[in-house]
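1. Everything below, folded, please.
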Amino acid sequence: MRVVNVVKQNLFRDSIQLMKLSEDVKKLDGVVDAVVSMGTDTNRRLLEDLHLLGADGKRAADGDLVIAVSVAEGADSTEVMGRVEQMVMAPPAVQGGPRRRAFHSLEAALDSLGGANIAVVSVPGKQAFRPSMELLRKGVNIHLFSDHVTKQEEIELKRFASSKGLLVLGPGAGTSIIDGVGLGFANSVRRGDVGIVASAGTGIQEATIMLDHIGLGVSHALGVGGTDVSKEVGGIMMKDCLRMLEADEATRRIMIIAKAPAEAVFRDVMRFVDKSTTKPVIACFLGLESAPEYGGRVRYAKTLHSAVAKAAEESGGAALREFRSKISVSFDALQRSARLIAAGLGRRKYVRGLYSGGTIAHETLLIFRELMGEAYSNTPLSSNFALIDPNKSKGNSIVDLGDEFFTAGRAHPMIDPTLRRLRLAQEADDPAVATILLDIVLGYGSSSDPAGALQKTIEEGRRSAKKHGGELAVLAHVCGTETDPQSLKDQNAKLTAAGATLFKSNALMAATAALVVGGEEAATNLKRKWGELLG
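-> Presented below is the predicted three-dimensional model:
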């Protein structure tokens, strides 16, 4: 077996193309393993961990494309790499198959599509402003998937769009659902009367799949991007989207989802809700401690689980019964489950969360803070708990593997589970680790088999833990529906077969982990705060 690296200088491919290329190259005769990625520090470390990094790859720069291939014994490496390079250098439209069409200008694309009024922009952030503004000038709404767009560019785009009655969803808008059509990472969920505005991509996904499970559906779910509620941007699009949902006849109730925004922005958004909307509103500002009341029309939630619980209460009838039977559990039942898990852990004492969803990871950090004290993270709640090196956990740690630190120049972990699989093996080898948390996010755009990609690693980690004394508890929550491209039932079955314990919401999983490692103090806090977090 021989490792060959080829570096294409100053050649960019986006993360979705890179993931598909890597998978297609692996299928070629004579190829044992392969990764096609940008030459970032993170990617070079990944290639080294996979034993795919050669001398040429080590010298690659961030803007270079690295083709790393392990060629089978007896295969002609020159011939194999010739076929690989031909595949990699083919035009993206050819790689995507017959359903994709390539255009060489926005005008040609718009003329061909005839009346398109929304465009998904997914290009390097430094190049995103010009095509986005050009589309807005042509009267086209924008779902801006790209990261690394400056605040000033975001403000300029959103102010212009707002003046024209258009939407700019993003930048960094991971998820939206418009008239039942998912953009970015989105689940297949039923249509209904709940309209969502969110500055949180996996926050939309977690809320919409729970709404689907209890028989409530979504009219529209509009992801405005995480920086929309920053002090500088001021919630421009959140307010415009609220205005749109207020006017939408299919929307009967509104849900707002965001990490706690800047105080001034929060007050401004809620004044807008009070003066410019009339529909019932559930405001889930994750971790928010206090907020103004508006005569009962606005209900606040600290967690995504609690937000859906309030939507079920608001709807009443079948939805409330379904929530109680399909998602909610009692405190006593959760505590019994935690005690059963804790019984076999021996001296293991730490929890490690390996998340692909940033908002879901944030929800876990908040629940830990409420129940057992803050955890370390690459996206911490306070700077005192920042991981010095995001590649190395410390104590109780919750790692967002979808953060820009890990995704610069490589596919998001929802698309490519390789990085999480390696990190899972690393954490499982630590004899101090008691519990590992995993979010398995299904839907359009995500890996075709995320649970299957982790199944063997979970099994090996649990076997290794037993040899060294004590169990390794793997807790998992599958964020998905049975109508997603990946079968929810199949994904659950693979995780269960690997020995993972499953939960119907991330909040339930996080609370259980806190009980497992936090003991009686965490249990006392959870009992006192049950209504806020899980009620």
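2. which helices and strands does the helix or strand containing Lys20 pack with?
-> Using DSSP states H and E, Lys20 falls within helix 15-26. Packing partners of helix 15-26 (3 or more Cβ pairs under 8 Å, 6 or more residues apart in numbering; DSSP states H and E): strand 31-38, helix 77-89, helix 92-95. (Each C-beta comes from the backbone N, C-alpha and C, glycine too.)
3. one more time with 10 Å, if that's ok
-> Applying 3 or more Cβ pairs under 10 Å, 6 or more residues apart in numbering; DSSP states H and E, we find helix 15-26 packed against strand 31-38, strand 65-71, helix 77-89, helix 92-95.
4. Give me the neighbour count for the closest residue to Asp14 other than its chain neighbours.
-> Distance criterion Cβ to Cβ, 6 or more residues apart in numbering; nearest residue to Asp14, sequence neighbours excluded, is Ser122 at 6.1 Å. Residues contacting Ser122 under the criterion other Cβ atoms under 10 Å number 16.
5. Any chance of the backbone angles for Ser122?
-> Main-chain torsions, Ser122, degrees, to the nearest 10: phi -140, psi 80.
6. contacting residues around it?
-> 14-16, 128, 143-147, 170, 184 (Cβ atoms under 10 Å, 6 or more residues apart in numbering).
7. Please name the nearest non-neighbouring residue to the residue most central in space within the chain.
-> Of all residues in the chain, the one closest to the mean position by Cα atoms, centre = their mean is Gly357, 2.7 Å from it. Excluding the flanking residues, the one nearest Gly357 by Cβ to Cβ, 6+ apart is Thr202, at 3.0 Å.
8. ok so, going back, for the residue nearest to the centre of the chain, what are its contacts?
-> By Cβ under 10 Å, 6+ apart, the residues touching Gly357 are 174-175, 185, 200-203, 205-206, 363-364, 400-402, 412-414, 439-441, 477, 479, 506.
9. same check, this time on Leu424
-> So Leu424 contacts 352, 354, 417, 436, 438, 454, 457-458, 460-461, 474 (Cβ under 10 Å, 6+ apart).
10. Now mean neighbour count, mean pLDDT and distance to Ala262 too, for the helices and strands packed on helix 15-26, in JSON lines please.
-> Below are the helices and strands packed on helix 15-26 laid out as JSON lines (neighbours: other Cβ atoms under 10 Å; pLDDT from 0 to 100; distance: least, Cβ to Cβ, whole Å):
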{"stretch": "strand 31-38", "mean neighbour count": "22", "mean pLDDT": "90", "distance to Ala262": "33"}
{"stretch": "strand 65-71", "mean neighbour count": "25", "mean pLDDT": "94", "distance to Ala262": "39"}
{"stretch": "helix 77-89", "mean neighbour count": "15", "mean pLDDT": "91", "distance to Ala262": "44"}
{"stretch": "helix 92-95", "mean neighbour count": "13", "mean pLDDT": "47", "distance to Ala262": "39"}
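11. Any idea which of the ones you listed gets closest to Ile282?
-> Ile282 lies closest to strand 31-38 among the helices and strands packed on helix 15-26, at 40.1 Å (Cβ to Cβ).
12. That closest one pairs with which strands?
-> Applying DSSP bridges, strand 31-38 is found paired with strand 65-71 (antiparallel).
13. centre of the chain versus the partner strand, how much separation?
-> 28 Å (Cα atoms, centre = their mean, to the nearest Å).
14. Could you check the angle that strand makes with helix 77-89?
-> 140 degrees (axes from the mean of the first three to the mean of the last three Cα atoms, to 10 degrees).
15. any idea how far the top helix by length along the chain is from the chain center?
-> Longest helix in the chain by number of residues (criterion: DSSP state H): helix 506-533. Between the centre of helix 506-533 and the centre of its host chain there is 23 Å, according to Cα atoms, centre = their mean.
16. Just the mean pLDDT for it, thanks.
-> Mean pLDDT, helix 506-533: 96.
17. what's the burial count for His51?
-> Neighbourhood size, His51 [other Cβ under 10 Å]: 11.
18. Then it would be within a helix, right?
-> No - the assignment for His51, made by DSSP: H, G, I helix; E, B strand; the rest coil, is coil rather than a helix.
19. That one reaches Met1, doesn't it?
-> Yes - the pair His51 and Met1 passes the contact test of Cβ atoms under 10 Å, sitting 9.4 Å apart.
20. list residues touching both of those two?
-> By Cβ under 10 Å, 6+ apart, the residues touching both His51 and Met1 are 33, 70.
21. burial count for the closest residue to Leu144 other than its chain neighbours?
-> Nearest non-adjacent residue to Leu144, counting by Cβ to Cβ, 6+ apart: Gly170, 3.0 Å away. Using other Cβ under 10 Å, Gly170 has 33 neighbouring residues.
22. got it, and the one 5 residues further on?
-> In terms of burial, Thr175 registers 31 neighbours under the definition other Cβ under 10 Å.
23. swap in Glu263?
-> Glu263: 9 surrounding residues under other Cβ under 10 Å.
24. per-residue confidence at it?
-> At Glu263, pLDDT is 87.
25. What of the one 10 residues further on?
-> At Val273 the predicted local distance difference test score is 94.
26. Low-confidence stretches in the stretch 151-300 of the chain?
-> Scanning the stretch 151-300 of the chain for pLDDT under 70 picks out 292-295.
27. Please report the distance of the residue of the chain most remote from its centre from Arg2.
-> The centre of the chain is farthest from one residue, Gly74, which by Cα atoms, centre = their mean lies 41.4 Å away. Using Cβ to Cβ, to the nearest Å, one obtains 10 Å as the distance from Gly74 to Arg2.
28. so who does Thr364 touch?
-> Listed by Cβ under 10 Å, 6+ apart, the contact set of Thr364 reads 303, 351, 353, 355, 357, 375, 377, 398, 400, 437, 439, 477, 506-507, 509-511, 513-514.
29. Noted, bye for now.
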